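1. from the sequence below, what's the structure:
(one chain, ligands or ions: 1)
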Amino acid sequence: MRGLAAVPSYVVMQPTTLCNLDCAYCYLPFRAADRRMPVAVAEAVAASVNPWAVSARFSVVWHGGEPLAAGREQLAALMAPFGPDVEHHVQTNATLIDDAWCEFFVTHRVRVSVSVDGPRERNGDRVTRAGRPAYDRIVRGVAALRRHALPFSALAVVNDPAPGRAAELYDYCLDLGCEVLGVNIEETEGVNRRDNVHDPAVVTGFWAELVAAWRRKPQIHLREVEWSLRYAAAVLDGTADDLLPRRLDPIPTIAHDGSVVVLSPELAGFTDPHYGDFSSGNVLTTPLHAILAEAERTNWVGEFLTGVEACRSSCPYFGFCGGGHAANRYFELGRFDGTETEHCRNSKIRLLEGVLEHARNHQSPGV
Ligand code: SF4
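-> Numbering: from 1, shown residues only. Below is the predicted model of the structure:
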């Protein structure tokens, strides 16, 4: 795996910077402002995306802010330029989902992922702009999805991976009825400066407990654990070198104003005296495919690729991780060519260690 691929497998679109919630751990800088994406931006992105979607599976992920805060009319207008082969996804806090939104999801064939951190007492950081708990509204939105028999994924942020929390989260998600669960240990990034340093054994134990909970009732696709198991199986088969893509997926994020930030949506909207606004171009002036063809020349991207090579030569977890996330390096280390971050310790190294710990603890006697 070297350099960036010219064609991504998905793009992230920001229909508005606005979020109707004000979660304590949110990284977004302009979430109180409603800066809307003009339809011209979506048309420009679609001009590159539509041909890609004909030859391979391709997704547009509507992310925010809170994408539903843009409203159905605006979101429909932004989706209209994309062809029938493009899959649409929304990552939503679910608080605005009602019957009308569910009908919208059906009509526009939108796959829904809901942000929810477990039972009520684990959602204390998720509050409205008035500072009131958002949990009841989240659950009402999920109930609407279930009424309409719409399958959905869940994405949970964990800020305290204490013993018992992983099993609690998994059991909660079984009741919630999600098909897929992604788990993020809270990250220090963007405007969220809370630290994410945890006792290594506790984080490893969290992941081991999550695997154990999943193995008891493997009804949910568990994003991180399934990837770890695929990696472990590939190591045993001697095929681990084939697992990472040959080139990094650039995962372009298209900000509301058409600017394109590759590799890390979390960098969009930030500026730095040395790196500028992190953007590799703007789709209103340059086609997306042309921006991506030159993206490796963006100053910080070259530095990040140097960091990936440093990971490759120094980290025993590289084959599993592929070199970590650009935004975590920048927000934790202040540069892109470093290697280990707290994020990669929590969510790559200890994840793999947790899966192995579970396997060791459940070895059959005599093996
Ligand atoms: S686990 Fe950390 S140090 Fe290792 S390859 Fe990933 S980002 Fe680099």
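
2. P133: neighbour count?
-> 14 (other C-beta atoms under 10 Å). All C-beta atoms are positioned from the backbone trio N, CA, C, and that covers glycine.

3. residues near the residue of the stretch 101-250 of the chain found nearest the ligand, how many?
-> Nearest residue of the stretch 101-250 of the chain to the ligand, counting by C-beta to the nearest ligand atom: L244, 10.5 Å away. L244: 17 surrounding residues under other C-beta under 10 Å.

4. with D337 instead?
-> D337, neighbours per other C-beta under 10 Å, totals 17.

5. tell me the SS of it?
-> coil (DSSP: H, G, I helix; E, B strand; the rest coil).

6. my guess is it contacts F304. True?
-> Yes: if you go by C-beta atoms under 8 Å, D337 and F304 touch, sitting 7.1 Å apart.

7. just give the closest residue to G83, not the sequence neighbours.
-> Nearest residue to G83, sequence neighbours excluded (C-beta to C-beta, 6 or more residues apart in numbering): N50, at 4.2 Å.

8. ok, the one you found to the ligand distance?
-> Distance, N50 to the ligand, using C-beta to the nearest ligand atom, to the nearest Å: 34 Å.

9. residue contacts, that residue?
-> Taking C-beta atoms under 8 Å, 6 or more residues apart in numbering as the contact definition, N50 lies against F82, G83, D85, V86.

10. what helix or strand is it located in?
-> helix 39-55 (DSSP states H and E).

11. now do that helix: distance to the chain's middle.
-> In terms of C-alpha atoms, centre = their mean, to the nearest Å, the centre of helix 39-55 is found 21 Å from the chain centre.

12. could you give me the buried positions within it?
-> V41, A42, A44, V45, A46, S48, V49, N50, W52, A53 (16 or more other C-beta atoms under 10 Å).

13. now the element after that helix, going C-ward?
-> With DSSP H and E, the next secondary element past helix 39-55 is strand 58-62.

14. export the next helix or strand after that following strand to PDB, keeping only CA atoms.
-> Toward the C-terminal end, the helix or strand that comes next after strand 58-62 (DSSP H and E) is helix 72-79. Extracted in PDB, the C-alpha atoms of helix 72-79 (Å, rounded to 0.1, in the frame of the first residue of the first chain):
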ATOM      1  CA  ARG A  72     -35.800  17.200   3.100                       C
ATOM      2  CA  GLU A  73     -36.200  19.700   0.300                       C
ATOM      3  CA  GLN A  74     -32.500  20.700   0.400                       C
ATOM      4  CA  LEU A  75     -31.200  17.100   0.800                       C
ATOM      5  CA  ALA A  76     -33.400  15.900  -2.100                       C
ATOM      6  CA  ALA A  77     -32.100  18.700  -4.300                       C
ATOM      7  CA  LEU A  78     -28.500  17.800  -3.400                       C
ATOM      8  CA  MET A  79     -29.100  14.100  -4.100                       C
END
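
15. return the set of buried residues in helix 72-79.
-> Q74, L75, A77, L78, M79.

16. ok, stretch 136-149 next?
-> Buried-residue list, stretch 136-149, by 16+ other C-beta under 10 Å: R137, I138, V139, G141, V142, A144, L145.

17. now do that stretch: everything it contacts.
-> Residues contacting stretch 136-149 (C-beta under 8 Å, 6+ apart): 92-99, 101-103, 105-106, 112, 114-116, 123, 126, 128, 152, 176-177.

18. quick one: the helix holding N50 to strand 58-62, angle?
-> When axes from the mean of the first three to the mean of the last three C-alpha atoms, to 10 degrees is applied, the directions of helix 39-55 and strand 58-62 differ by 150 degrees.

19. what residues does the stretch 101-250 of the chain put near the ligand?
-> Residues of the stretch 101-250 of the chain lying close to the ligand (C-beta under 6 Å from any ligand atom): none.

20. all strands of the stretch 101-250 of the chain, in order?
-> Shown for the stretch 101-250 of the chain, the strands assigned by DSSP state E, counting those that start in this stretch span residues 110-115, 152-158, 180-185, 221-222.

21. which residues touch the residue of the chain found nearest the ligand?
-> For the chain, the residue closest to the ligand is G324, as judged by C-beta to the nearest ligand atom, at 2.7 Å. By C-beta under 8 Å, 6+ apart, the residues touching G324 are G307, V308, C311, T339, T341, H343, C344, K348.

22. now the last one. Nearest residue, chain neighbours left out?
-> Put plainly, it is K348. C321 (4.2 Å).

23. now swap in the first one and tell me
-> In this structure, G307 finds its nearest non-sequential neighbour in D337, 4.1 Å apart by C-beta to C-beta, 6+ apart.

24. equivalent analysis for the third one, please.
-> Residue nearest to C311 in three dimensions, not counting chain neighbours: G323, with 4.4 Å by C-beta to C-beta, 6+ apart.

25. surely the one you found touches T306?
-> No: in this structure, G323 is not within contact of T306 by C-beta under 8 Å, at 10.4 Å.

26. which of these two has more neighbours?
-> G323 (23 against 12).

27. distance of that one relative to T341?
-> 11 Å (C-beta to C-beta, to the nearest Å).

28. TSV please, covering the buried residues of stretch 136-149 and showing pLDDT.
-> As requested, the buried residues of stretch 136-149 are exported to TSV (pLDDT from 0 to 100):
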residue	pLDDT
R137	96
I138	97
V139	97
G141	98
V142	98
A144	98
L145	98
